[in-house]
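Peer 1: predicted structure and sequence below. I'll ask about it afterward.
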Amino acid sequence: MFRNVVKTPPLNPLPQAQHAESHGRPITKRPELFQRMDQERPGSDAEVSPSSPLPSPLPLSLPCKPAGVAFQQCQLCVSNGESLEFARSHRLKDDIGRVICPVLRKYTCPYCLATGDHAHTKSYCPMVNPSGKRAAAIAVQLKNTPRNASGRSRKQ
């Protein structure tokens with residue numbers, strides 16, 4: 001029954017010695033390109049001694065104000081009539097695009113209920129289409145199509 005089974009060779013045949021030396025690193029025909037990480041990277045485990053200080057950790061977030069740039073004020077707070085001292089104490093968003101204005105972070109959009117990092121005013125809500133009308137729910141939009149899910153025509 002299984003007499004005509006043909007075994008195919010592996011797609012990338014390599015000598016057994018090369019498999020044993022790889023230890024999870026990429027296998028290449030030019031092994032000099034891939035040296036051990038602890039030999040070429042300063043500050044690796046091989047070079048750290050108990051008396052040497054650990055390298056300083058990277059900051060967890062980007063700074064709110066780039067160096068050398070005048071600090072901007074939160075335009076939302078200015079337009080809402082907040083004091084200039086309060087409006088100049090922060091910006092609307094940080095460099096990554098997260099909302100950092102405390103007033104806007106507390107606000108909840110009445111259309112999509114977004115708040116916090118994704119907070120926005122009603123005029124910037126993605127649920128409102130450009131004509132200013134609130135977008136209908138998906139179920140309502142689908143019920144207004146000429147055919148139903150099975151492809152039959154809807155009764156009007």
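Peer 2: Sure, I can see it. Residues are numbered from 1 along each chain as shown.

Peer 1: just the CA trace of the helix or strand where L76 lies, in CSV.
Peer 2: Assessed by DSSP states H and E, L76 sits inside helix 75-79. Presented in CSV, the C-alpha positions along helix 75-79 are these (Å, rounded to 0.1, in the frame of the first residue of the first chain):
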residue,chain,number,x,y,z
GLN,A,75,-5.7,75.3,23.1
LEU,A,76,-8.8,73.5,24.4
CYS,A,77,-8.3,75.1,27.8
VAL,A,78,-7.7,78.5,26.3
SER,A,79,-10.8,78.3,24.2
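
Peer 1: tell me which residues are up against that helix.
Peer 2: Helix 75-79 is touched from outside by L84, F86, A87, H90, L92, C101, V103, L104, T121, with contacts defined as Cβ atoms under 8 Å, 6 or more residues apart in numbering. Yep, even glycine has a C-beta here, placed from its N, CA and C like the rest.

Peer 1: mind giving me the ChimeraX command for buried ones among the residues you listed?
Peer 2: Entered in ChimeraX, the line below selects the buried ones among these, by 16 or more other Cβ atoms under 10 Å:
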select :87,90,92,101,103,104
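
Peer 1: could the contacts of helix 75-79 go into CSV alongside pLDDT and secondary structure?
Peer 2: Below are the contacts of helix 75-79 laid out as CSV (pLDDT from 0 to 100; DSSP: H, G, I helix; E, B strand; the rest coil):
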residue, pLDDT, secondary structure
L84, 90, helix
F86, 93, helix
A87, 92, helix
H90, 92, coil
L92, 91, coil
C101, 94, coil
V103, 94, helix
L104, 95, helix
T121, 91, coil
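
Peer 1: okay, the contacts of helix 75-79 in a markdown table with distance to C112 next?
Peer 2: Output for the contacts of helix 75-79, formatted as a markdown table (distance: Cβ to Cβ, whole Å):
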| residue | distance to C112 |
| --- | --- |
| L84 | 31 |
| F86 | 27 |
| A87 | 26 |
| H90 | 24 |
| L92 | 19 |
| C101 | 18 |
| V103 | 18 |
| L104 | 14 |
| T121 | 12 |
